[in-house]
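Asks: Here is a sequence with its predicted model. Questions after.
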Amino acid sequence: MQRLDFYFATYNRYSAPITDHSFLLRCMPQDLPEQRISDLHLTILPKPLGDSPGKDSFGNVTYEGRLPEGHDHLRYVVRGTAIRDDTMRTCCKPMDCYRYPSGLTQPSPALAELAATVPNDGTPLEQAWGMAMAAHESICYTPNVTNVHTTADQALRQGHGVCQDYTNVFLALCRIRRLNVRYVSGIPLGEGPSHAWGEVWQEGFWYGIDPTRACRADETYIKLCCGRDFADCPIEVGVFRGLNSQEQRVYSRVSLSDVK
């Protein structure tokens, strides 16, 4: 079991004021048997109209906001404490959609060739670990060469990308074998931007694997949201009126809590 204090902040700066801004956030951690959330605080500036928390079809916590008046920035901060204990997971059945290709994880000859290098006689978790290592060894971590629309095949063929691309390649490889896998956005122990990893289902439980770091996603990882791929669970999505450029800065900090 790990008790973790977390802080997650995103700052969007617009080059000129925008109006009629509607947005949806998935920045608040899910409260799960294996991830109990306490002292949760969400701050949004400028303060939006309305208060519309909810959940999407994947069980992710959502928050809808609207800013009709002109503004040149949007900042949101989430902070709190998470108690992570994977021994508290409850048995579940995955949605069928996790077995099949999604928009960003469509199969291709290159992906099929890479998947064929991983032995197929192990458990789902063993096969998924092999797929994660294949993805890890096939991509060089390189920021600013891909975007949110880059598919697993594109990332694999160019051989460069970030955590989102490693994870999409990992998921695509697993789905060639019809393994139940899902995409997870969250924040791990340490400091930096948000992160992405995958989970594979085996005998009633989800197991986290981080193909970017080539390690298990253990009790030092806090889950924010999940889906079939990034497109199902962006941490922020929105529309506004205005012609300008946008700059975004993201920062997270997760530390072991000092229990007194």
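Replies: Looks like it arrived, so ask away.

Asks: Arg13 - that's part of a helix, no?
Replies: No: looking at Arg13 with DSSP: H, G, I helix; E, B strand; the rest coil, it is strand, so not inside a helix.

Asks: right, and it touches Glu247 too?
Replies: Yes: checked against Cβ atoms under 8 Å, the pair Arg13 and Glu247 is within contact range at 4.7 Å. In this view, the C-beta of every residue, glycine as well, is placed from N, C-alpha and C.

Asks: and those two? which has more neighbours close in?
Replies: Comparing Arg13 with Glu247 by other Cβ atoms under 10 Å, the one with more neighbours is Arg13, at 14 against 10.

Asks: show me the contacts for Pro68.
Replies: By Cβ atoms under 8 Å, 6 or more residues apart in numbering, the contact list for Pro68 reads Thr19, Asp20, His21, Leu49.

Asks: how close does the first one sit to Asp72?
Replies: Okay, so that is Thr19. Distance of Thr19 to Asp72, given as Cβ to Cβ, to the nearest Å: 11 Å.

Asks: What's the separation between Lys47 and His73?
Replies: Separation of Lys47 from His73 (Cβ to Cβ) stands at 13 Å.

Asks: ok, those two, which is more surrounded?
Replies: Neighbour count, other Cβ under 10 Å: between Lys47 and His73, His73 has more, with 14 against 8.

Asks: contacting residues for the spatially most central residue of the chain?
Replies: Geometric centre of the chain, nearest residue: Ser185, 1.4 Å, by Cα atoms, centre = their mean. Contact analysis of Ser185 by Cβ under 8 Å, 6+ apart lists Arg26, Ser194, His195, Ala196, Lys223, Leu224, Cys225, Cys226, Phe230, Cys233, Pro234, Ile235.

Asks: Among these, pick out the one closest to Pro211, please.
Replies: Within those, the smallest distance to Pro211 is 9.3 Å, found for Ala196 (Cβ to Cβ).

Asks: picking up where we left off before, go through the contacts of Ser185 and say which is closest to Gly242.
Replies: Among the contacts of Ser185, and counting by Cβ to Cβ, the member closest to Gly242 is Pro234, at 20.2 Å.

Asks: tell me which helix or strand of the protein sits lowest on mean pLDDT?
Replies: When each helix and strand of the chain is scored by mean pLDDT, DSSP states H and E, strand 49-55 comes last, with a mean of 82.

Asks: Provide the contact partners of that one at residue level.
Replies: With Cβ under 8 Å, 6+ apart, strand 49-55 has contacts from Val61, Thr62, Tyr63, Glu64, Gly65, Arg66, Leu67, Pro68.

Asks: Would you mind measuring from Arg213 to Pro188?
Replies: To Pro188, Arg213 is 8 Å away according to Cβ to Cβ.
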